[in-house]
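Asks: Any chance you could fold what I've pasted below:
(chains A and B)
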Amino acid sequence: DGGITQSPKYLFRKEGQNVTLSCEQNLNHDAMYWYRQDPGQGLRLIYYSQIVNDFQKGDIAEGYSVSREKKESFPLTVTSAQKNPTAFYLCASNGVAGVNEQFFGPGTRLTVL
Amino acid sequence: GQNIDQPTEMTATEGAIVQINCTYQTSGFNGLFWYQQHAGEAPTFLSYNVLDGLEEKGRFSSFLSRSKGYSYLLLKELQMKDSASYLCAVRSYGGATNKLIFGTGTLLAVQP
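Replies: Numbers count the residues shown, from 1 in each chain, chains lettered A, B, ... in the order given. Predicted coordinates:
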């Protein structure tokens, strides 16, 4: 089955630790995105990548880093510089066919203790 | 600036019809999407409008007026499983990118 996978579903970390969230897709999509979702707020774009080895900052990139070494993978690292990292993180991708809607992974809920 | 507004919460009755409105102000408009999101799950794509008018897809329809910066999602024959958050998102074309800007979502509660 084609789709986007994120692991783990739930993640707990101590304050001050870096943590990496994985995102893998087998949809052959070029573009991939990372969003953060907080209660009462819409999805906010952290980083996006249009093609392998290239990525751009979104609206709230501070305290986060990404890499795009393979088309299928777009991991997100939440660094200790992120002031309020506890949130629901969603990865998405889109291709160029049809209306180019973004497909979302199941999300990772990160809790920093 | 860029802004998307939609009601925070709505309540409707099973079997009824509900309309969820979305107004937007963006530059470089390149389409409007509606997504459904159940609590703790991924958003799933419902509909897309880029030209003015109504798009119908089974029990769900979406309308767009670009001149008014306005869209609505219409859900007919409501079922309990339709209880979810509905996200309005505008695609803003800027250079080579097609980024989405999301509203805060409308939490719909369907009651028996």
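Asks: going forward, measure contacts and count neighbours with C-alpha atoms only.
Replies: Fine.
Asks: Is residue 36 bridged to anything, and to what?
Replies: You didn't say which chain, so I picked chain A. residue A:44, residue A:89 (DSSP bridges).
Asks: Chain B, not that one
Replies: Bridge pairing for residue B:36 - DSSP bridges - gives residue B:44, residue B:86.
Asks: and the residue of chain B nearest chain A?
Replies: Distances between chain B and chain A by Cα to the nearest Cα are smallest at residue B:104, namely 3.7 Å.
Asks: got the contact list for the residue nearest to that residue when sequence neighbours are not counted?
Replies: Of all residues not flanking residue B:104 in the chain, residue A:42 sits nearest, at 3.7 Å (Cα to Cα, 6 or more residues apart in numbering or on different chains). Applying Cα atoms under 8 Å, 6 or more residues apart in numbering or on different chains, we find residue A:42 in contact with B:87, B:102-105.
Asks: any weak-confidence spans in the chain?
Replies: I went with chain A, as the question did not name one. Chain A contains residues with pLDDT under 70 at A:1, A:97-98.
Asks: you looked at the wrong chain, it should be chain B
Replies: In chain B (pLDDT under 70), the answer is B:1, B:94-97.
Asks: How about the residues of it by chain A?
Replies: B:33, B:40-45, B:48, B:87, B:97, B:101-105 (Cα under 8 Å from any Cα of the partner chain).
Asks: Of those residues, just the buried ones, ChimeraX syntax please.
Replies: Selecting only the buried entries of the residues of chain B next to chain A in ChimeraX, with 16 or more other Cα atoms under 10 Å in any protein chain shown as the criterion:
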select /B:33,42,43,44,45,48,87,101,102,103,104,105
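Asks: and residue B:2, how many neighbours?
Replies: 10 (other Cα atoms under 10 Å in any protein chain shown).
Asks: thinking again about what came up before, so which strand or helix has the residue nearest to residue B:104?
Replies: If you go by DSSP states H and E, residue A:42 is not part of any helix or strand.
Asks: What are the phi and psi values at residue 102?
Replies: You didn't pick a chain, so chain A it is. phi -80, psi 140 (degrees, to the nearest 10).
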